[in-house]
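Colleague: Here's my sequence, what's the structure:
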Amino acid sequence: MTKTNWIGQEIFHKEITGSTNQDIKELAMSGATQGTVVCADMQTAGRGRRGRSWLSNKGDGLLFSLLLRPDIAPDKVSQITLLMALAVAKVLRKTYAFDARIKWPNDILVNGKKTTGILTEMIAEENRIQALLIGIGINVNQEQADFPDALQTIATSVAIEEGQQVDRVQLVAKVLDFLEHYGDHYVKHGFPLIKKLWEESSCTIGSQVRATTLREVVEGEAIAITDSGVLEIRQANGEIKGVYSADIEIL
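Modeller: Numbering: from 1, shown residues only. Predicted coordinates for the structure are as follows:
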């Protein structure tokens, strides 16, 4: 299915599962190799960032998890998450007639509505990463009526924006190809180009935003991300605040 060298050489497909990230975790713990993929037509216990659920109807979305075993320190994991978001956004922009943009840190928006979520989980021992579990959920063939009332104004799908149904197999093959491309670049050359391309692909950078953290609300212009994936916000008083984890609203 793919033309990749190491991603997706082993793919496990399930019609229904609880969570592909849980599935890939179990495979990782039993010794699965880097690049192993688990995909599903439907998840009953899919998860997003900050413990949120990820809803999926059978056969409508692209739901898969990727196993990585990178030789990096745990504090560099956010770079991998940003890389994943960049790869998905690039695939959507190059393949379809709409402009997909990244909302920090890793949501993919089209016309201001969410199409994609990415969840990164880590298995680590002391200062060594044993495995990264990358879960990616893309709304592919949902119609607007398929989304719950609470998501009607904030969620969309590739099919809605493209105006026609999409081949999920072809899409996942392209996503895996782009993930490998940027992954190989990262291993050889590090984060600088990935960071630059991420900022260029983001709808957050250059926008006025409101960041709601567990402790405070920060408003101002999002000006950049750091090498650690921290979002830098210039507040009205000129102070630059670094945000590590937050819900972002573009004002």
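
Colleague: Can you tell me the SS state at the residue lying closest to residue 24 once chain neighbours are set aside?
Modeller: Nearest non-adjacent residue to residue 24, counting by Cβ to Cβ, 6 or more residues apart in numbering: residue 65, 4.0 Å away. From N, CA and C alone the C-beta is placed, and that goes for glycine too. Look at residue 65: counting by DSSP: H, G, I helix; E, B strand; the rest coil, its state is strand.

Colleague: Quick one, grab the pLDDT at residue 65.
Modeller: Per-residue pLDDT puts residue 65 at 97.

Colleague: is it true that it touches residue 18?
Modeller: No - applying Cβ atoms under 8 Å as the test, residue 65 and residue 18 come out as separate, 11.8 Å apart.

Colleague: more crowded one of the two?
Modeller: Higher neighbour count among residue 65 and residue 18: residue 65, with 27 against 14, using other Cβ atoms under 10 Å.

Colleague: so what's the nearest residue to residue 116 once chain neighbours are set aside up against?
Modeller: Nearest non-adjacent residue to residue 116, counting by Cβ to Cβ, 6+ apart: residue 108, 3.6 Å away. For residue 108, the contact set (Cβ atoms under 8 Å, 6 or more residues apart in numbering) comprises 85, 88-89, 92, 100-102, 114-117, 138.

Colleague: Select from those every entry located in helices.
Modeller: Among those, the residues falling in helices (DSSP state H) are 85, 88-89, 92.

Colleague: Now stretch 160-177 - C-alpha only, PDB.
Modeller: C-alpha atoms of stretch 160-177 as PDB (Å, rounded to 0.1, in the frame of the first residue of the first chain):
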ATOM      1  CA  ILE A 160     -17.100  18.300   3.300                       C
ATOM      2  CA  GLU A 161     -14.400  20.600   2.300                       C
ATOM      3  CA  GLU A 162     -13.500  18.800  -0.900                       C
ATOM      4  CA  GLY A 163     -17.100  18.400  -1.900                       C
ATOM      5  CA  GLN A 164     -16.900  14.600  -2.500                       C
ATOM      6  CA  GLN A 165     -16.000  11.300  -0.800                       C
ATOM      7  CA  VAL A 166     -12.400  10.500  -0.400                       C
ATOM      8  CA  ASP A 167     -10.500   7.200  -0.700                       C
ATOM      9  CA  ARG A 168      -9.200   6.500   2.900                       C
ATOM     10  CA  VAL A 169      -6.600   4.000   1.800                       C
ATOM     11  CA  GLN A 170      -5.000   6.400  -0.600                       C
ATOM     12  CA  LEU A 171      -5.000   9.100   2.000                       C
ATOM     13  CA  VAL A 172      -3.300   7.000   4.700                       C
ATOM     14  CA  ALA A 173      -0.700   5.900   2.200                       C
ATOM     15  CA  LYS A 174       0.200   9.600   1.500                       C
ATOM     16  CA  VAL A 175       0.200  10.500   5.200                       C
ATOM     17  CA  LEU A 176       2.600   7.700   6.000                       C
ATOM     18  CA  ASP A 177       4.800   8.700   3.100                       C
END
